[in-house]
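Asks: A structural model of the following input is requested.
(one chain, ligands or ions: 3)
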Amino acid sequence: MHIGTTLTNFIIESQRKFSGATGEFTGLLNDIAVACKKISDLVNKGDLVGILGTAGSENVQGEQQKKLDVISNEIFIEALAHNGHVAGLASEEMDEIYELPKQAPRGKYLVLFDPLDGSSNIDVNVSVGTIFSILKAPPGVDNPSTEDFLKPGTEQVAAGYCLYGPSTMMVLTTGQGTNMFTLDRDFGEFLLTHSDIQIPEDTQEFAVNASNMRFWEEPVQRYIDECLAGKDGPRGKDFNMRWIASMVAEVHRILTRGGIFMYPLDSKLQSKGQTGKLRLMYEANPMAFIIEQAGGAATTGRERILSMSPAAIHQRVPVVLGSKNEVDRLTGYHH
Ligand SMILES: O=P(O)(O)OC[C@H]1O[C@](O)(COP(=O)(O)O)[C@@H](O)[C@@H]1O
Ligand SMILES: [Mg+2]
Ligand SMILES: [Mg+2]
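Replies: Ligands and ions are numbered 1, 2, ... in the order given. The predicted structure is shown next:
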């Protein structure tokens, strides 16, 4: 597909391969693009439109919600719930799955989303984003159940994120590679700028919140110690470190120049009864699909994320993803 193609045309072209394609998938991607453009506009205006700061409420994860968490969630629902492309929605910011209004036409897809990723960075003007995962809905079911959403990541028909940074970019996979589109604000279209991304298999850049080091399991301690030991250590090369605290921005950097990102399990999280920090259904699964389609790898440290059988909508998992050889090495240390 030639660089500069609009997102809509890209999707239409990619759907030609499917004889039964009805245009519904293209319609859904357009709904998501509209929602992301609206959120991008708000993020860009920040204090000018009073969207910074906390909302004064908590989500099901017990996290203080930011105003933009709540507003982005509403924008996504408004853009997706009425156009007949979905049968159900689930979000980081909603305890239960969202049942469409009675009069809303039902569609073939289910969408799980993190409306605003990197919430701790909203008020300090650092890149944030939106992450989404698309599954097939059970045919003929007006109100899909929670179980209908709890499908392994391998069953995603598409996944993507929109990064609200110096430029706004949509990164998408439909299982035929990973592609990047940049928003041209002048005429409001996402245009293809990077096609068929390939992540280098090796890297000398890791991303982890090192303030949690004393709580990590031994394999992670060992891996990071070896990186920090640099060229005089067992790895024989120096490593650099990054931590933006927005998963979307970390993954985008890795798609762009390689790297390994991890939010491992740690005893601090376990002491709160948590099985990780990041959520499987609308953070780990979509990012794992995007990374694998770009030649990278994504595990929990112990198993492939996409093969996991989900148990709950807001289930948390450890995440290790990025350049294949480094992810394989760290995963190997756990075995
Ligand atoms: O605060 P920490 O420990 O650095 O964690 C940062 C991580 O938490 C997240 O912000 C969690 O996502 P949300 O902002 O959507 O809740 C990730 O984007 C990021 O990788
Ligand atoms: Mg998030
Ligand atoms: Mg979020």
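Asks: Need the outlier residue of the protein, farthest from its centre.
Replies: In the chain, counting by Cα atoms, centre = their mean, Asp232 sits farthest out from the average C-alpha position, at 35.9 Å.
Asks: Flag every residue of the stretch 1-150 of the chain that's near ligand 1.
Replies: Glu92, Asp114, Asp117, Gly118, Ser119, Ser120 (Cβ under 6 Å from any ligand atom). Using the backbone N, CA and C atoms, a C-beta is placed for each residue, glycine as well.
Asks: buried subset of the residues you listed?
Replies: Buried members of those, scored by 16 or more other Cβ atoms under 10 Å, are Glu92, Asp114, Asp117, Gly118, Ser119.
Asks: ok, and which of the residues of the stretch 1-150 of the chain next to ligand 1 reach ligand 2?
Replies: The subset of these within reach of ligand 2, by Cβ under 5 Å from the ion, is Asp114, Asp117.
Asks: Up against ligand 1, what does the stretch 151-300 of the chain have?
Replies: Selection of the stretch 151-300 of the chain residues close to ligand 1 by Cβ under 6 Å from any ligand atom yields Asn209, Ala245, Ser246, Met247, Tyr263.
Asks: got the contact list for Leu269?
Replies: Phe215, Thr275, Gly276, Lys277, Arg316 (Cβ atoms under 8 Å, 6 or more residues apart in numbering).
Asks: give me that answer again for 10 Å
Replies: Asn212, Phe215, Tyr263, Thr275, Gly276, Lys277, Arg316, Pro318 (Cβ atoms under 10 Å, 6 or more residues apart in numbering).
Asks: Make CSV from those residues and add pLDDT and distance to ligand 2 to it.
Replies: CSV is the format used below for those (pLDDT from 0 to 100; distance: Cβ to the ion, whole Å):
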residue, pLDDT, distance to ligand 2
Asn212, 98, 17
Phe215, 98, 20
Tyr263, 98, 10
Thr275, 97, 16
Gly276, 97, 12
Lys277, 97, 9
Arg316, 98, 11
Pro318, 98, 15
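Asks: My reading is that Leu48 is in a helix; is that accurate?
Replies: Yes. The assignment for Leu48 by DSSP: H, G, I helix; E, B strand; the rest coil puts it in a helix.
Asks: so what's it up against?
Replies: Leu42 are the contacts of Leu48 under Cβ under 10 Å, 6+ apart.
Asks: Show me what whatever residue of the stretch 101-250 of the chain ends up closest to ligand 3 is bridged to.
Replies: Closest residue of the stretch 101-250 of the chain to ligand 3, Cβ to the ion: Asp114 (4.3 Å). Residues in a beta bridge with Asp114, per DSSP bridges, are Ile131.
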